[in-house]
Each structure stands twice: as C-alpha cells, then as structure tokens.
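# Requesting a structural model of the entry that follows:
(one chain, ligands or ions: 1)
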Amino acid sequence: MKKRVAILISGGGSNMLALLRDMATGDHPAEPVLVASNDPTATGLTKAAAAGVPTAAVDHRPFGRDRAAFEAALLTHILATQPDILCLAGFMRVLTPAFVNRFTGRMLNIHPSLLPLYPGLHTHQRALDAGDAQAGCTVHEVTPILDDGPILGQARVPILPGDTADSLAARVLTQEHRLYPAVLRRFAAGDRAPIFL
Ligand code: GRF
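I've put the predicted structure just below:
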C-alpha cells in the first residue's frame, strides 16, 4: 500500500507540483490524496485539480483570530482523505500545537533557509544582510515550535554578487523543487536519514 499524502498550500504551489510530479513517476512509495489551501483563490488548487488530485479550501479570514476554529474546519477535509503524511508546501499559516500534535512524526515542511539559520519570514533578505556566502532550503519534521523540528534534508546555493532577495529566492526555489521530492520519497519509504544536496 502506498503512503497517502495530503499537501497544504497557500499560493502557487510550485513545491506541491514538484511533489505530485515525483509521486507520478516510477515506483514511488506514496500517492497524493489531497491538496488543501487556506486561500480559495490559491492558483495551486487549479493546478492540483488539473493533475487529478482532490482539492479543498477553507478561507482562514472569516475565522479571524480563532485559529482553532479554522483548523477544525481544515481538519475535516484532511481527515476525510485519511492521510499518512502531511506536507506543508508554501503554507503560510502558523499551526497550533493541538493541530501539529495530531501529526507528530508524519508532517513535513519546507523552509527557504539553512535552518537553524533564519526561522520565520524574509529569510533571503536576512541572509543577504548578514553577508552570508551561501543560502538554501530545509525540509524538516514539523513540531509545535515554528521551523524547528528534526532536519530531513538541506540544499545549498551560493549567494552571488549583486543578488537581491528575489534573485536569491529564485535560485533557492529551484533547489526546493529537487529537495522536497527527494526527501518525501525516502520518508514515505521509512527512511528518515537526512540528505544534503
Ligand atoms: C516559496 O517562497 C518557498 O520558498 C516557500 O514557500 C513559497 C511559495 O512556495 N516554501 P510554492 O511555490 O507555493 O511551493
């Protein structure tokens, strides 16, 4: 039986697409069962539907500051597909410990920095401001502490003279699309040894 993977997105879903493409090739140990978003207008939802993957959207805005109520609504859609693994891919909402703890050890996230450097937002500008020679991305297990769980993989890129946050983000994103599928393929097969691209 393949591992059932639900993917959460908030926008274009380029990482989600990379995961779908990889799961559609060869003898992959996992299959996508849902792509869900906190934004009903996320263009990634259209791309997922075009790829034949069930989708769901729960707009977080009507819930205001009631995170638990938003998550309860989202969880209804997620649990209906009985996922084994949850992949956050460009998902821009902070999840409560109650939600995260339902998926301990089986929820992954990709973050656009070389964690533990630069958890949170504006990672590329922070690397540039610090004068770093390298940047990159990290796939990690999600724990209740933001961007803090066990690292499952990292990919590095050079920071080049004249780089802006946008040019660096584009270079890192290319590596995200390599790293996340490589990590999920291993994780779904039960291999949690970190990989470094
Ligand atoms: C990108 O900035 C990526 O680094 C981060 O989420 C953002 C959107 O990714 N993981 P995606 O194109 O929606 O996958």
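
# need the contact list for the residue of the chain found nearest the ligand.
Closest contact between the chain and the ligand, by Cβ to the nearest ligand atom, is at G90 (2.6 Å). Placement of C-beta: from N, CA and C, glycine included. Under the criterion of Cβ atoms under 8 Å, 6 or more residues apart in numbering, the contact list for G90 reads 9-16, 44, 110.

# And for L45?
Shown here is L45, whose contacts under the criterion Cβ under 8 Å, 6+ apart are 9, 13, 35, 37, 55, 57.

# out of those, who's near the ligand?
Counting by Cβ under 6 Å from any ligand atom, 9, 13 from the contacts of L45 sit close to the ligand.

# Rebuild the contacts of L45 as CSV, extending it with distance to G26 and neighbour count.
As requested, those are arranged in CSV below (distance: Cβ to Cβ, whole Å; neighbours: other Cβ atoms under 10 Å):
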residue, distance to G26, neighbour count
I9, 24, 29
G13, 22, 25
V35, 21, 29
S37, 28, 29
T55, 24, 20
A57, 30, 17
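
# hmm, back to that, could you dump the contacts of G90 into TSV and include secondary structure?
Output for these, formatted as TSV (DSSP: H, G, I helix; E, B strand; the rest coil):
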residue	secondary structure
I9	strand
S10	coil
G11	coil
G12	coil
G13	coil
S14	helix
N15	helix
M16	helix
G44	helix
I110	strand
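
# What remains of these if I keep only buried residues?
With neighbours counted using 16 or more other Cβ atoms under 10 Å, the contacts of G90 contain these buried positions: 9-11, 13-16, 44, 110.

# Which strand residues bridge S37?
Residues in a beta bridge with S37, per DSSP bridges, are I9, A57.

# Of the contacts of L45, which pair is most distant in space?
Distances among the contacts of L45 were taken as Cβ to Cβ; the most separated pair is G13 and A57, at 12.0 Å.

# Find residues that contact each of these two.
42, 45.
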